[in-house]
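J.: how would this look folded up:
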Amino acid sequence: MNNIILENEGLGYIYVDLVRKHVSYSENFCNTLGYKVEEISDSTDDWLDIVHPDDISLIEETFNEHIVSKGKVPFKNEIRYISKDGKSIWHLITANIIEWTEDGTAAKIECILFNIQKKKQKEKATSEINNELLNDITTINQKQKVFNERLLKLLEINNKQFESFESNLNAYVEYGIKVLEFENGIISFIEGDDYKIFKANTKQHKLQKGDTFQLCDTICKEVYDNKTTIFYSTLKGKEQYELLARKQLDVESFLGTPIFIDGRIFGTLTFYSTKEKNNTLVENEITIIELISSQIAKLIQNYEYKIKLEDERNLLRLGEEFLQMATYKRYIEEDRVEFSENCLKLFGLTEKDGVVQDNALEVAFEHIHPEDRKKAFKLVEDSRNPEIKRIKPQEYRITQPNGITRWFRHKIIKFDDNPFIYGVIRDITYDKKIQLDHKRQANKLQVNNRELEQFNYVTAHDLKQPLRTISGFGKKLKEIEAENLSEKGNQFIGLMVDAADRMTKQIDGILTHSRIGQQTNKESFDLQEIIDIVKLDLQQQIEESSAVIVIDSLPKMYAYKTEIKLLFQNLLSNAIKYRKDNEPVEIHINFQEDKEFWYFSVSDNGIGIPDDKKSKIFDLFVTLHPRSKYDSIGIGLSHCRKIVYLHQGNIRAVNNMRGGTTFKFSIIKELI
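T.: Prediction:
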């Protein structure tokens, strides 16, 4: 919400530490320039690099005066900053020394910036319009008194505040009719082949607003094609205009000029009469109509801009309604509050109840839940206390007029030397319900997990006991009755004992698999130390296989320690187990990282994995080789995949070009 308010008000913040030569920029200020915070140098040696070259001397001079005067000479200037795409963005910067060194020099300076780009653009637009008119006036022969008076009248119309866009257009057209001595005036809009009348100042004539013609049938086609002013004192002899203009519409004399907006023809400004014009059009009159056309173009652009602003305002209102929030600004000295449009609706209030936007919060506070009154009113008191700079957001309940109680989160933001504070209020009733549901589900899941863990333990114990009995009696039977049994009988007893032992291992594997992820706390640990422990656990296998394990420099991690140890133990054990005959085992553990993940690879020079089996090796109890050669129950890689998924990563196996397999997997750095 902080960002929303800063963006709405155009606020930014710069903190300068002259002792450490360090500059901190607020995220909102950087965003107005199109930068991320880390993209701007934080050194005081570079902090003027983003200032417009023409403004550097001004900011240095004012800054020095402010520092030399011990803050008595205020620092407040309008300067331009250069955005990432090279544009100049105007800001009003106010600076204050907030800390001094022991020898009395400035140590820390705090700067507040207001984005005044829109204000400057508006001033520039107004200035350009007036300057353009005044420049045009000065280029006309000053001796032509009548012409000058006409231009001054046009300037007067331009500066006059009209009630509506329609009345403003009407003033320009009526002025043209008067000074150019025509009976009627219209503004048209050209879209494709259509010529539509946008505005009509006609006196009992056939042409009216909304009429549409084919452009090719009108005199304005000539204006459109030539992109210039066209004048006919009479249409007699103009056969192409004889039918529509003269006979159907009674147009006899015509003056038209294009209206340009953004370099293209928006439409035309046209004056016409039902009678011939006795005079010819002089250059000054062409200038008049083209100036009127130019001002109408600017008026239409401004109108479209206002419509766009209104659309943005409506989008903001819809956004607040969608997010179930409202914002406000409180003027401290006046104790006056300005609320956004969604405020009444948020609290379930209406103007019929005598409530207006400005007192909505006051009325709503009268209905705060008794248990929440203390913290809600303390929030308001803290906002009025100038000694308190940071205010902790509060959550409270309000009972609306319809009897429904809803939860709200209220955040207040204060800025030094600002005459107002900002507030954001959001309806969090749904969030509270979700939190309560999650808590209930978590408690239920915790109970279920404990029951499941107990069930697994009991089940495994009950299953393993008869298996131990079968295996024990089978071995005893073979030991005692081996001479009395046939060769096939001894073979069957061996198979029975082997199956019982394998079943016991599978049960142990399932128990281990089910316990993965039940460790609730993550830990910080050195992965190298974990690998060293794994190597000690596998020392016998390593010595028997003459395995050489090459390890990169490994990171310190924050993860589930027990599971990470099991992950590497399974991968190293498999690399040793599935080795080639008469070839020393070589294992490489490599590591890379980025901002989000650690990336590991464990490579070996073993027998490899067929391409068509790679998608199956992580499934439970999948073995690719005879148990007579490789003692395996097919559960180790299932453990690995579950552990990697627990850490929001991925794991896959790829074959090496020179034989063997590389297991590549990722571990997220920040677990949610």
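
J.: which other helices and strands contact the longest strand anywhere in the chain?
T.: Selection of the longest strand in the chain by residue count, based on DSSP state E, yields strand 88-100. Identification of packing neighbours for strand 88-100 by 3 or more CB pairs under 8 Å, 6 or more residues apart in numbering; DSSP states H and E yields helix 53-68, strand 75-82, strand 106-115, helix 117-139. All C-beta spots, glycine's among them, are computed from the backbone N, C-alpha and C.

J.: please identify the deepest-packed of the ones you listed.
T.: Comparing these by mean neighbour count (mean count of other CB atoms under 10 Å), strand 106-115 ranks first with a mean of 20.

J.: contacts for that strand next, please.
T.: 9-19, 29, 32, 67, 89-101, 415-418 (CB atoms under 8 Å, 6 or more residues apart in numbering).

J.: strands paired with that strand, and their directions?
T.: strand 11-17 (antiparallel), strand 88-100 (antiparallel) (DSSP bridges).

J.: would you mind putting the CA coordinates of that strand into PDB?
T.: Below are the C-alpha coordinates for strand 106-115, written out as PDB (Å, rounded to 0.1, in the frame of the first residue of the first chain):
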ATOM      1  CA  ALA A 106      27.200  18.300   7.800                       C
ATOM      2  CA  ALA A 107      27.100  14.500   8.100                       C
ATOM      3  CA  LYS A 108      23.800  13.400   6.900                       C
ATOM      4  CA  ILE A 109      21.200  15.000   4.600                       C
ATOM      5  CA  GLU A 110      17.700  14.000   4.000                       C
ATOM      6  CA  CYS A 111      16.000  14.900   0.700                       C
ATOM      7  CA  ILE A 112      12.300  14.700  -0.100                       C
ATOM      8  CA  LEU A 113      11.300  14.800  -3.800                       C
ATOM      9  CA  PHE A 114       7.900  15.500  -5.400                       C
ATOM     10  CA  ASN A 115       7.400  14.400  -9.000                       C
END
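
J.: what mean pLDDT does it get?
T.: For strand 106-115, the mean per-residue pLDDT is 89.

J.: all further residue positions should be reported with the first residue as 19.
T.: OK, 19 is where the count begins now, so the last one is strand 124-133.

J.: how far does that strand sit from its chain's centre?
T.: 27 Å (CA atoms, centre = their mean, to the nearest Å).

J.: where do the helices sit along the stretch 469-618 of the chain?
T.: Under the criterion DSSP state H, counting those that start in this stretch, the stretch 469-618 of the chain contains helices at 505-533, 545-555, 557-563, 579-595.

J.: which among the ones you listed is found nearest to K138?
T.: K138 sits nearest to helix 545-555 of all the helices of the stretch 469-618 of the chain, at 55.7 Å, using CB to CB.

J.: who touches the closest one?
T.: Here helix 545-555 has contacts from 560, 567, 569, 571-575, 579, 582-583, 586-587, 590, 607, using CB under 8 Å, 6+ apart.

J.: 6 Å - rerun?
T.: L572, P573, M575, K583, F586, Q587 (CB atoms under 6 Å, 6 or more residues apart in numbering).

J.: likewise stretch 291-304?
T.: With contact meaning CB under 6 Å, 6+ apart, stretch 291-304 is reached by F165, L198, F200, E201, T247, F249, S251, T252, D268, E270, S271.

J.: out of the contacts of helix 545-555, what pair is the most spread apart?
T.: The widest separation within the contacts of helix 545-555 (CB to CB) is 18.3 Å, between P573 and Q587.

J.: so for the residue of the chain positioned farthest from its centre, what's the pLDDT?
T.: The centre of the chain is farthest from one residue, N502, which by CA atoms, centre = their mean lies 81.8 Å away. Predicted confidence (pLDDT) for N502: 75.

J.: can you give me the neighbour number for E359?
T.: Using other CB atoms under 10 Å, E359 has 15 neighbouring residues.

J.: correct me if wrong, but it is in a helix.
T.: No: counting by DSSP: H, G, I helix; E, B strand; the rest coil, E359 is not found in a helix; it is coil.

J.: which stretches in the stretch 119-268 of the chain count as strands?
T.: All strands of the stretch 119-268 of the chain, identified by DSSP state E, counting those that start in this stretch, fall at 124-133, 202-209, 212-219, 230-232, 248-250.

J.: mind listing what the second one pairs with, with the direction of each?
T.: Read it as strand 202-209. strand 212-219 (antiparallel), strand 282-291 (antiparallel).

J.: contacts for it, please.
T.: If you take CB under 6 Å, 6+ apart as the criterion, strand 202-209 is touched by 191, 194-195, 213-220, 223, 285-290.

J.: surely G30 meets C48?
T.: No: in this structure, G30 is not within contact of C48 by CB atoms under 6 Å, at 8.1 Å.

J.: give me the more crowded residue out of those two.
T.: Using other CB under 10 Å as the criterion, G30 and C48 rank with G30 on top: 23 against 18.

J.: got a list of what that one touches?
T.: G30 sits next to S44, N46, F47, L131 when contact means CB under 6 Å, 6+ apart.

J.: in a helix, the third one, correct?
T.: In other words, F47. Yes: under three-state DSSP, F47 falls within a helix.

J.: in the sheet, who's paired with I569?
T.: Here I569, judged by DSSP bridges, has bridge partners I607.

J.: for burial, what's the neighbour tally of it?
T.: Other residues within reach of I569, judged by other CB under 10 Å, total 15.

J.: ok, now how distant is it from L655?
T.: As judged by CB to CB, to the nearest Å, I569 and L655 stand 21 Å apart.

J.: ditto for V355
T.: From V355 to L655 the distance is 64 Å (CB to CB).

J.: likewise N244?
T.: Separation of N244 from L655 (CB to CB) stands at 79 Å.

J.: do Y321 as well
T.: Taken as CB to CB, the span from Y321 to L655 is 69 Å.

J.: higher neighbour count, the two?
T.: Neighbours were counted for Y321 and for L655 using other CB under 10 Å; L655 has more, 21 against 15.
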